[in-house]
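> Quick one, structure for this:
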Amino acid sequence: NELLAEDWKKILLNLTQVDSIDSLGLGELVQSVKIAQRFGASLRLLKPQERVRKTLHLSMLLPLFEIHDTESEALASFATSS
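Numbers count the residues shown, from 1 in each chain. Below you'll find the predicted structure:
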């Protein structure tokens, strides 16, 4: 919310250090992507660990997120979507 209040439009959430995620975390991610979209911003995920990716898949939330394996790939995706 702070980034959106500062008018950031391209947000990359680095998940490399997150080894698991629970339902509260999933809810926060979903809420964050929806709020970002409402404010005309893009939120992308960077390199979620396999366990997090699997949790997103099993909860059928994976399609909501654009996921990238490298920072350079993620940054380039912002440039092509502008």
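
> low-scoring pLDDT stretches of the chain, where are they?
Within the chain, the ranges that satisfy pLDDT under 70 run 82.

> Show me what counts as buried in the longest helix seen in it.
Scanning the chain for the helix with the most residues, using DSSP state H, yields helix 23-38. Using 16 or more other Cβ atoms under 10 Å as the test for burial, helix 23-38 gives Leu29, Ser32, Val33, Ala36. Backbone N, C-alpha and C define where each C-beta goes, glycine included.

> likewise stretch 1-9?
Residues of stretch 1-9 classed as buried: Leu4 (neighbour count, 16+ other Cβ under 10 Å).

> what about it, distance to the chain center?
The chain centroid and the centroid of stretch 1-9 are separated by 15 Å under Cα atoms, centre = their mean, to the nearest Å.

> Contacts for that stretch, please.
For stretch 1-9, the external contacting residues (Cβ atoms under 8 Å, 6 or more residues apart in numbering) are Ile11, Ile35, Ala36, Phe39, Gly40, Ala41, Ser42.

> Val52: which of the residues you listed is nearest?
The nearest member of the contacts of stretch 1-9 to Val52, counting by Cβ to Cβ, is Ile11 at 17.3 Å.

> residue contacts, the closest one?
Leu3, Ala36, Ala41, Ser42, Leu43, Arg44.

> Need the residues you listed in CSV (columns: distance to Ser77).
Converted to CSV, those look like this (distance: Cβ to Cβ, whole Å):
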residue, distance to Ser77
Leu3, 18
Ala36, 14
Ala41, 14
Ser42, 9
Leu43, 12
Arg44, 7
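
> Kindly indicate which of those residues lies nearest Gln17.
Arg44 (16.6 Å).

> Show the contacting residues for the closest residue in space to Gln49 that isn't next to it in sequence.
Counting by Cβ to Cβ, 6 or more residues apart in numbering, Gln49 lies nearest to Asp19, which is 5.4 Å off, once chain neighbours are set aside. Neighbouring residues of Asp19 by Cβ under 8 Å, 6+ apart: Gln49, Arg51, Val52.
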